[in-house]
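Undergrad: Fold the following, please.
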Amino acid sequence: MRVAIVINTSWNIWNFRRGLVLALRAAGHEVLAIAPPDEYSSRLESELGCRYVPIVMENKGTNPLKDAQLTRRFLAVYKRERPDVVLHFTIKPNIYGTLAARLAGVPSINNVSGLGTVFLIENLVSKVARGLYRLAFRFPKKVFFQNNDDRELFIRYGLIRPALTGLVPGSGVDLARFRPQEGVAKAPGAPFKFLMVARVLYEKGIVEYFEAAKQVRAALPAGAVQFQLLGALDEAGGVGVARATFEQWLAAGNIEYLGTSDNVAAHIHAADCVVLPSYREGTPKTLLEAAACGKPLVTTDVPGCRETVQNGRNGYLCQVRNAADLADKLLAVAQLPPARLAALGAASRQLAEEKFDEKLVLSQYLAAVVEAGRPIAQAI
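TA: Numbering: from 1, shown residues only. Okay, the predicted model is just below:
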């Protein structure tokens, strides 16, 4: 079958859905990658072997005229490319891509990878978004959620019929690619290193991380601890931190900004603990990768994040939007003896193996694709 994967950026496909592309191809399917063009678009073809199909899409914004045009663009692509099944990820493909797939007569499978600001903030935009979800989610063959809190929320709002829903542990993690680094000892006297891997967005808890870093550094001897941040600036849509503001924060000297990297594993291996004080997630890929690498985790006690930490076993949960509580948890981790840190890291790896193996996710997608495409395949 010809299977289309539709996401709001080519980078997103390359970074988060690489395993899915390869699994679909290994199962004999032709894979189309439909996304706006960026520097990763060509790599989808050269490295993953799928066919890239560009589409114009604004990731942010809620202009109804522009969104109506997006539906028409999706419809034109689906009619031209004639996929047998479409897999939608991220908000706009989930809504407007699904409506277009319905009009084109193409079965669709959706994934709610996180609720975004439309569910974090109650306003007119959030009400409109829920109405659009309610309309669009009448049509998919299956909608996968990454945590049960999100699934139950959609059901409670009447946005989807329970029978259409499925549950997957995020996008899973490649346990062979992300694994503990053996035989590397920490240098004597080296600082304890915290790492946050996330785009520079307010909803990721970036303000709390900067404030907690300031508090922890003040509580410990100079040079005892180091804080790092890996992730792209994203000023679009008013949800990201403005560059000028971010540079002012960095000037205080509490956090080292690493920019972006295609080798996230190397940065995780160099860290002693990985942190994500997000306000809400689907299931955060960065924490899954850190767990697979055998690192202790500190994250917020919110849907999506709490699934990655068994409090006290492989890390610690902190209160959301509470920099002081985050600082308390980070300070406690920084002062743990090496044996206790090793035990937390080993428990993270075990949790990744038991719950978050990418193969568990891919098997569900492959089965859903076959089921969704079966009537078309039989008709042919």
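Undergrad: okay, now residue 29: neighbour count?
TA: Other residues lying near residue 29 total 21 when counted by other C-beta atoms under 10 Å. C-beta here means a position set from N, CA and C on the backbone, and glycine is covered the same way.
Undergrad: what sits against it?
TA: Counting by C-beta atoms under 8 Å, 6 or more residues apart in numbering, residue 29 touches 1-3, 369.
Undergrad: Now, these that are in strands?
TA: Within the contacts of residue 29, residues falling in strands by DSSP state E are 2-3.
Undergrad: quick one: low-confidence parts of the stretch 151-300 of the chain?
TA: 236-238 (pLDDT under 70).
Undergrad: how about the strands in it?
TA: Along the stretch 151-300 of the chain, the segments classed as strands by DSSP state E, counting those that start in this stretch run 165-167, 192-197, 225-230, 256-257, 273-276, 297-300.
Undergrad: Within the sheet, what are the partner strands of the shortest one, with directions?
TA: What it means is strand 256-257. strand 225-230 (parallel) (DSSP bridges).
Undergrad: what comes into contact with the partner strand?
TA: 191-198, 200, 206, 209, 213, 216-217, 254-261, 264, 267, 271, 334.
Undergrad: Can you select the buried ones from these in ChimeraX?
TA: Only the buried members of these enter the following ChimeraX selection, criterion being 16 or more other C-beta atoms under 10 Å:
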select :191,192,193,194,195,196,197,198,200,206,209,213,216,217,254,255,264,267,271,334
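Undergrad: In contact with residue 257, which residues?
TA: 228-229, 250 are the contacts of residue 257 under C-beta under 8 Å, 6+ apart.
Undergrad: From residue 149, how far out is it?
TA: Applying C-beta to C-beta, to the nearest Å, the value for residue 257 to residue 149 is 31 Å.
Undergrad: Neighbours of residue 239, how many?
TA: 17.
Undergrad: Oops, could you answer that again for residue 30 instead?
TA: 15.
Undergrad: Helices along the stretch 251-380 of the chain, start to end?
TA: 264-270, 285-292, 323-334, 338-355, 358-379 (DSSP state H, counting those that start in this stretch).
Undergrad: what about the longest one, average pLDDT?
TA: Translated: helix 358-379. Averaged across helix 358-379, the pLDDT comes to 83.
Undergrad: For that helix, which residues meet the burial criterion?
TA: For helix 358-379, by 16+ other C-beta under 10 Å, it's 358, 361-362, 364-366, 368-369, 372-373.
Undergrad: again with the second one
TA: Using 16+ other C-beta under 10 Å as the test for burial, helix 285-292 gives 285-292.
Undergrad: Skipping adjacent residues, who's closest to residue 267 in space?
TA: residue 230 (5.4 Å; C-beta to C-beta, 6 or more residues apart in numbering).
Undergrad: repeat for residue 71
TA: Nearest to residue 71 is residue 96, by C-beta to C-beta, 6+ apart, at 4.5 Å.
Undergrad: and the one you found, how many neighbours?
TA: Residue 96 has 24 nearby residues by other C-beta under 10 Å.
Undergrad: Would you map out the domains in this structure?
TA: 2-172+358-379, 192-355 (automatic domain parsing).
Undergrad: Mind checking those domains for the one nearest to residue 182?
TA: Nearest to residue 182 among the domains of the chain is domain 192-355; the distance by C-beta to C-beta comes to 9.7 Å.
Undergrad: Now that we have the helices of the stretch 251-380 of the chain, can you turn them into TSV and tack on distance to residue 187?
TA: Formatted as TSV, the helices of the stretch 251-380 of the chain follow (distance: least, C-beta to C-beta, whole Å):
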stretch	distance to residue 187
helix 264-270	11
helix 285-292	21
helix 323-334	16
helix 338-355	13
helix 358-379	33
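Undergrad: Out of these, which gets nearest to residue 138?
TA: Judging the helices of the stretch 251-380 of the chain by C-beta to C-beta, what sits closest to residue 138 is helix 358-379, at 15.4 Å.
Undergrad: The residue nearest to residue 267 and residue 245, how far apart?
TA: Taking C-beta to C-beta, one finds residue 230 at 19 Å from residue 245.
Undergrad: Of those two, give the one with the bigger neighbour count.
TA: The neighbour count for residue 230 versus residue 245, taken as other C-beta under 10 Å, is higher for residue 230 (20 against 12).
Undergrad: That one bridge partners, please.
TA: Assigned bridge partners for residue 230, using DSSP bridges, are residue 197.
Undergrad: Repeat that for residue 256.
TA: Beta-bridge partners of residue 256, as defined by DSSP bridges: residue 228.
Undergrad: List the contacts of it.
TA: 226-229.
Undergrad: And residue 5, by the same measure?
TA: Contacts of residue 5 (C-beta under 8 Å, 6+ apart): 13, 17, 20-21, 24, 31-34, 50, 87, 89.
Undergrad: One more pass at 6 Å, please.
TA: 13, 17, 33, 87 (C-beta atoms under 6 Å, 6 or more residues apart in numbering).
Undergrad: same check, this time on residue 287
TA: 276, 297, 308.
Undergrad: okay, now residue 187: neighbour count?
TA: Neighbours of residue 187 using other C-beta under 10 Å come to 7.
Undergrad: Enumerate every residue touching it.
TA: With C-beta under 6 Å, 6+ apart, residue 187 has no contacts at all.
Undergrad: same deal with residue 170?
TA: By C-beta under 6 Å, 6+ apart, the neighbours of residue 170 are 146, 283, 288.
Undergrad: Now it. Nearest residue, chain neighbours left out?
TA: residue 283 (2.9 Å).
Undergrad: where's that neighbour relative to residue 226, distance?
TA: In terms of C-beta to C-beta, residue 283 sits 27 Å off from residue 226.
Undergrad: Who has more neighbours out of these two?
TA: residue 283 (27 against 19).
Undergrad: how about residue 99, what does it touch?
TA: 71, 136.
Undergrad: Equivalent analysis for residue 295, please.
TA: Contacts of residue 295 (C-beta under 6 Å, 6+ apart): 274, 345, 348.
Undergrad: could I get those residues as CSV with neighbour count and distance to residue 153?
TA: Below are the contacts of residue 295 laid out as CSV (neighbours: other C-beta atoms under 10 Å; distance: C-beta to C-beta, whole Å):
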residue, neighbour count, distance to residue 153
274, 28, 27
345, 22, 32
348, 28, 27
